[in-house]
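Engineer: All I have is the shape, not the residue letters:
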């Protein structure tokens, strides 16, 4: 059985960039990964911009200036100022080429069409130089960046109307298990509601993969094989849940074998998620996640998400890790690495109760996973632990 | 001028719950806030469930058992076991009422239809008790919870098909400024591209408010007033950007006055975002955000987002704060509290360069804001600072 670090490295190594790119309108680009560097076609600001409401002028010997006219934001009058002349100017307006400073209005007394400046005036005050934020031809945002709202604001300010992004990998979730009952029906003895499908679907949606589909299959070899075959044909990434343990009736392993899916690994020294399977067929990736929901969700965050981001060409492919002091002592039995549902607060991280693989309840409360490597069997209050931040939590 | 803490408290105090609730299908419930506690209609697990592949039996004096039949996940045979009898059982299957333990298959040798157990066997091993995760009638998820993917998984496992959620407040963004040019057109001297609208729209989308609209208005008193009047009539929250400074041509303040919007506060001792305006007209909330994009975005995260969450009845209304060591020394001029664009990494937080209110570029790199209160004018490498985590970053 391999360890977590090896398993993560194997997923990374065998991730394959989905090479198709597409052009999307800037307003629809949220969550996509840039396929190319975006260069600025303009200087930003595009002109010397006033940072204040006040008066633009050429600093001279005298403190008194005659106000010729005014420049509001958006005005295009580039007044030529002589000695002793000024223009009234407002925040965001173009500073005339012939002015070398903007004096805040709070430092000025007005007498009719003349102003008097109180205190010292310095050259180049309250002027944002042309191209201060970015110059024409410079890279605005690098290839591999996942686009956030702030990026959209920045690119819009540069006049960018569309961007070239990598297509997102297509994902399907295959749910297996005779015990599973579709929502809206009654449970008989021995049955439970199917919940992994809608959980994984919803979390993929939170992570920016809104197009995932869900397929259900009974525990029977032929249907399992046919469904998996079709799923692999039609999707970049196939996530199977359940059927990856050793039970005599787990058909997934046999079916994947028969379809000639190359096993990269099966089973990882971790809790939850020991039965995790990862395989490849050509460029296609196949994950077998445990049927226990909390285990399936942990594996989605730790293994599937990085593969999806990498397939999109993202530079940052993993959830953010931080180091935080743990709120209490915690002991672990066994020899496996642990991903523990946890809650980060302002001063530290609390490991939650209800860590069983079968229980997803604690995941609703959690906003992080505490990672404890194999050699870490106890932590003490205040000790710094690796904390993986969950998205939208 | 009021300080940040007072301003936040005023927004909180004047937030008003949007009292309309609606029923949404569980699969569509992501990001909504529960209007009612959700109770479980079943025990989970609904029966005593095997946690292992192995053998269910009644612990007796002998280590040898005769295997009667098998129980797979989903089977409903509740075999009655006598002394010395066992059933083959698989993970997730119902443990017969007459069995008091499950022995892992790894601890068993099989001889035809008999098994022999190696080592000791304990009562109640490898059995998940009925209702271990939740019992019928207990609260599954509390009112005020913002629904995440993990919640959807948990509720699905309880057979919940729909939930009652609070309606989201409706939001419109009013963009003001003669200097603003719509994307796709060429800039003349003195003009810049309108970017606050699409930035705020995209960030609201990231925060779960997908239905925001954008209105543009020229700097002219009558259109400003008419547009604001209509916006306040039709939406719960109106966000105006630009026109809240002191400039002679900022018509927003006069227009809000004329519409009889109650000013709760105007200007906060903070950087960026000093010109922030917050007002009320009946239940409607009006924010005047600065025209500088980085300032507008900071104010959205710190003031508008909590009001939106509170209007939805959410228990958690603010972005998560953590305390982290700062990566380097930093000095602040002036007397205002600071929200500094920053990047959290595994061991600490780095305050980014490019903190100007006019520059949104650093927000693309940032995944956090470092908050420094008014009395904090310098921080030293390694000092713990309040770090506000940005969503999707």
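Structural biologist: Nice, thanks for sending it over. Since this is a predicted model, take the numbers as computed values, not measurements.
Engineer: what about the strands in the stretch 51-200 of chain A?
Structural biologist: Ranges of strands within the stretch 51-200 of chain A are A:54-57, A:64-71, A:85-89, A:101-104, A:108-111, A:114-117, A:127-128, A:139-141, A:162-166, A:171-176, A:180-181, A:192-193, based on DSSP state E, counting those that start in this stretch.
Engineer: so which of those comes closest to chain B?
Structural biologist: Distance to chain B, taken as Cβ to the nearest Cβ, is lowest for strand A:192-193 among the strands of the stretch 51-200 of chain A, at 4.9 Å. All C-beta atoms are positioned from the backbone trio N, CA, C, and that covers glycine.
Engineer: Just checking, which helix or strand of chain A averages the lowest pLDDT?
Structural biologist: helix A:252-258 (a mean of 92; mean pLDDT, DSSP states H and E).
Engineer: Which other helices and strands does that helix contact?
Structural biologist: Judged by 3 or more Cβ pairs under 8 Å, 6 or more residues apart in numbering or on different chains; DSSP states H and E, the packing partners of helix A:252-258 are helix A:221-234, strand A:277-281, strand A:284-289.
Engineer: among those, which is the most enclosed?
Structural biologist: Comparing the helices and strands packed on helix A:252-258 by mean neighbour count (mean count of other Cβ atoms under 10 Å in any protein chain shown), strand A:284-289 ranks first with a mean of 26.
Engineer: Now do the same for residue A:16: its pLDDT.
Structural biologist: Note for residue A:16: predicted pLDDT of 84.
Engineer: For it, which residues are in contact?
Structural biologist: Neighbour list for residue A:16: A:283, A:285, A:311 [criterion: Cβ atoms under 8 Å, 6 or more residues apart in numbering or on different chains].
Engineer: Distance to chain B for the helices and strands packed on helix A:252-258 - can I get that in a markdown table?
Structural biologist: A markdown table is the format used below for these (distance: least, Cβ to the nearest Cβ, whole Å):
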| stretch | distance to chain B |
| --- | --- |
| helix A:221-234 | 14 |
| strand A:277-281 | 15 |
| strand A:284-289 | 12 |
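Engineer: can you tell which of the ones you listed is closest to residue A:332?
Structural biologist: Checking the helices and strands packed on helix A:252-258 against residue A:332 by Cβ to Cβ gives strand A:284-289 as the closest, at 22.2 Å.
Engineer: and the next helix or strand after that closest one, what's its mean pLDDT?
Structural biologist: Using DSSP states H and E, the next helix or strand after strand A:284-289 towards the C-terminus is helix A:293-299. For helix A:293-299, the mean pLDDT works out to 96.
Engineer: so can I have JSON lines of the contacts of residue A:16 showing pLDDT?
Structural biologist: Compiled in JSON lines, those are given as follows (pLDDT from 0 to 100):
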{"residue": "A:283", "pLDDT": "95"}
{"residue": "A:285", "pLDDT": "97"}
{"residue": "A:311", "pLDDT": "95"}
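Engineer: Distance of the residue nearest the centre of chain A relative to chain B?
Structural biologist: Residue closest to the average C-alpha location in chain A (Cα atoms, centre = their mean): residue A:146, at 6.2 Å. Separation of residue A:146 from chain B (Cβ to the nearest Cβ, to the nearest Å): 8 Å.
Engineer: same thing with residue A:25?
Structural biologist: 9 Å.
Engineer: Please give me every residue in contact with that residue.
Structural biologist: A:161-162.
Engineer: can you pull out the helices in the stretch 1-150 of chain A?
Structural biologist: Remark: helices assigned in the stretch 1-150 of chain A by DSSP state H, counting those that start in this stretch are A:4-13, A:149-157.
Engineer: Mean neighbour count, those: which tops it?
Structural biologist: Mean neighbour counts for those (mean count of other Cβ under 10 Å) peak at helix A:149-157, with a mean of 27.
Engineer: Centre of the chain to it, how far?
Structural biologist: 16 Å (Cα atoms, centre = their mean, to the nearest Å).
Engineer: Can you name every helix or strand that it contacts?
Structural biologist: When contacts are defined as 3+ Cβ pairs under 8 Å, 6+ apart, helix A:149-157 packs onto strand A:139-141, strand B:192-193, helix B:196-206, helix B:293-299, helix B:361-365.
Engineer: elements contacting the first one?
Structural biologist: Right, strand A:139-141. Packing partners of strand A:139-141 (3+ Cβ pairs under 8 Å, 6+ apart): strand A:38-39, helix A:149-157.
Engineer: With distance to residue B:384 added, can I get the ones you listed in a markdown table?
Structural biologist: Listed next are these as a markdown table, based on distance: least, Cβ to Cβ, whole Å:
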| stretch | distance to residue B:384 |
| --- | --- |
| strand A:38-39 | 36 |
| helix A:149-157 | 26 |
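Engineer: Dump these into CSV; add mean pLDDT as well.
Structural biologist: As requested, those are arranged in CSV below (pLDDT from 0 to 100):
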stretch, mean pLDDT
strand A:38-39, 98
helix A:149-157, 97
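Engineer: and the spatially closest residue to residue A:236 that is not a sequence neighbour, how many residues sit next to it?
Structural biologist: Nearest non-adjacent residue to residue A:236, counting by Cβ to Cβ, 6 or more residues apart in numbering or on different chains: residue A:169, 3.8 Å away. When neighbours are counted by other Cβ atoms under 10 Å in any protein chain shown, residue A:169 registers 23.
Engineer: so who does residue A:169 touch?
Structural biologist: A:18, A:209, A:235-237, A:308, A:311-312.
Engineer: so how far is residue A:30 from it?
Structural biologist: Going from residue A:169 to residue A:30 by Cβ to Cβ, to the nearest Å gives 17 Å.
Engineer: ok, now which ones touch residue A:168?
Structural biologist: A:18, A:32, A:208-209, A:211, A:308, A:312.
Engineer: from the residues you listed, which two are the most distant?
Structural biologist: A:18 and A:208 (14.0 Å).
Engineer: quick one: the residue nearest to residue A:327 when sequence neighbours are not counted from residue A:387, how far?
Structural biologist: Distances taken as Cβ to Cβ, 6+ apart put residue A:350 closest to residue A:327, at 4.2 Å, once the chain neighbours are dropped. Going from residue A:350 to residue A:387 by Cβ to Cβ gives 11 Å.
Engineer: on that earlier part again, beta partners for the residue nearest to residue A:327?
Structural biologist: With DSSP bridges applied, the residues forming beta bridges to residue A:350 are residue A:343.
Engineer: burial count for it?
Structural biologist: By other Cβ under 10 Å, the residues close to residue A:350 number 19.
Engineer: Next, format the helices of the stretch 1-150 of chain A as a markdown table and append distance to residue A:100.
Structural biologist: Formatted as a markdown table, the helices of the stretch 1-150 of chain A follow (distance: least, Cβ to Cβ, whole Å):
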| stretch | distance to residue A:100 |
| --- | --- |
| helix A:4-13 | 55 |
| helix A:149-157 | 26 |
